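> when you get a sec, could you give me coordinates for this:
(chains A and B)
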Amino acid sequence: MPPKPHRVLLDRVSGYADEAAAYMRRRRASRRPFARLYYKGGRAEDHAVDTRAGGELFVAAGRLIELAGKRPKS
Amino acid sequence: MADGEANGAVSGEAAGGALAYLTEMSPDLRGAAIVGSDGTVLAASGQAERWREDVAELFAVADDAGGEPVGQIHIGTEQGEVFALRHAGLAAVAVTERFALASLTFFDLRALLLDLAAGGDGRAGEASPDAA
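Model (predicted):
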């Protein structure tokens, strides 16, 4: 007996939601701290945290993050 | 407009309005500042003097890292993310929650600076009330 049409629709929506949730989990797990600089002409540079420039960039960014604080709950 | 200097001085009032608009339309935003060509803070969420010092240090370190003036900065840490952008002598810096959409954040910052530099109020993306 074929499934009812609304059941098929619900399964499909549920499948999309599961895919989206899995994508977000993978994204959160795979993203590590990074420092990326972009220049005129489209050149971009990544600086690892264990380099001198990278370390200084992370310190400077940390100060700004501390200054901004937490987003006030609305 | 080319990426030269802003079209005249940007007022603190215009920058403040632009910052309020950015805060309103960016759910991930924790704080931000708009800095003029001479390094003065035109608008900031919180302590303007500290924003001036910390933004100046960020750009100094970034310029030094690449050996040339940087156009955009994106730094992601466990505690949050920092976006910074220069245009026409102005600079905008935003601190967001982690995993904020980078392209969208840079787009908003760029639109804000483009509009301010052209003498607008930084709300270029807002629908005109007359349009309704």
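> can you pull the buried residues of the lengthiest strand in chain A?
Longest strand in chain A, counting residues (DSSP state E): strand A:34-38. Buried residues in strand A:34-38, counted by 16 or more other Cβ atoms under 10 Å in any protein chain shown: A:34-35, A:37-38. (Each C-beta comes from the backbone N, C-alpha and C, glycine too.)
> swap in stretch B:15-34?
Under the neighbour-count criterion of 16+ other Cβ under 10 Å, stretch B:15-34 has B:15-19, B:21-23, B:26, B:28-34 buried.
> restricted to strands, list the residues you listed.
With strands taken from DSSP E, the overlap with the buried residues of stretch B:15-34 comprises B:29-34.
> can you list these in TSV and add pLDDT and distance to chain A?
Converted to TSV, these look like this (pLDDT from 0 to 100; distance: Cβ to the nearest Cβ, whole Å):
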residue	pLDDT	distance to chain A
B:29	95	7
B:30	96	4
B:31	96	3
B:32	96	8
B:33	96	9
B:34	96	14
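> reformat those residues as TSV; add distance to residue B:85.
Written out in TSV, the entries for those read as follows (distance: Cβ to Cβ, whole Å):
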residue	distance to residue B:85
B:29	14
B:30	17
B:31	15
B:32	11
B:33	12
B:34	10
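> pull the most distant pair out of those.
Distances among those were taken as Cβ to Cβ; the most separated pair is B:30 and B:34, at 15.4 Å.
> remind me, longest helix of chain B?
Taking DSSP state H as the criterion, chain B has its longest helix at helix B:48-66.
> quick one: residue B:22 and residue B:36, what's the gap?
Counting by Cβ to Cβ, to the nearest Å, the separation of residue B:22 from residue B:36 is 17 Å.
> related to what we said a few turns ago, tell me the one of the buried residues of strand A:34-38 nearest residue A:23?
Within the buried residues of strand A:34-38, the smallest distance to residue A:23 is 19.2 Å, found for residue A:34 (Cβ to Cβ).
> for that closest one, give me its contacts.
A:46, B:74-76 (Cβ atoms under 8 Å, 6 or more residues apart in numbering or on different chains).
> bridge partners for it, pull those for me.
Taking DSSP bridges, one obtains residue B:76 as the residues bridged to residue A:34.
> ok, it to residue B:81 distance?
Plainly put, residue A:34 is 9 Å away from residue B:81 if you go by Cβ to Cβ.
> okay, and the common contacts of those two?
Listed contacts common to residue A:34 and residue B:81 are B:74-75; contacts here mean Cβ under 8 Å, 6+ apart.
> taking chain A, what residue is nearest to chain B?
When scored by Cβ to the nearest Cβ, chain A has residue A:68 as its residue closest to chain B, at 3.0 Å.
> show the contacting residues for the closest residue to that residue other than its chain neighbours.
Once its chain neighbours are removed from consideration, residue A:68 has its nearest residue in residue B:31; the separation is 3.0 Å (Cβ to Cβ, 6 or more residues apart in numbering or on different chains). With contacts taken as Cβ under 8 Å, 6+ apart, residue B:31 has the following neighbours: A:64, A:67-69, B:44-46, B:94-95.
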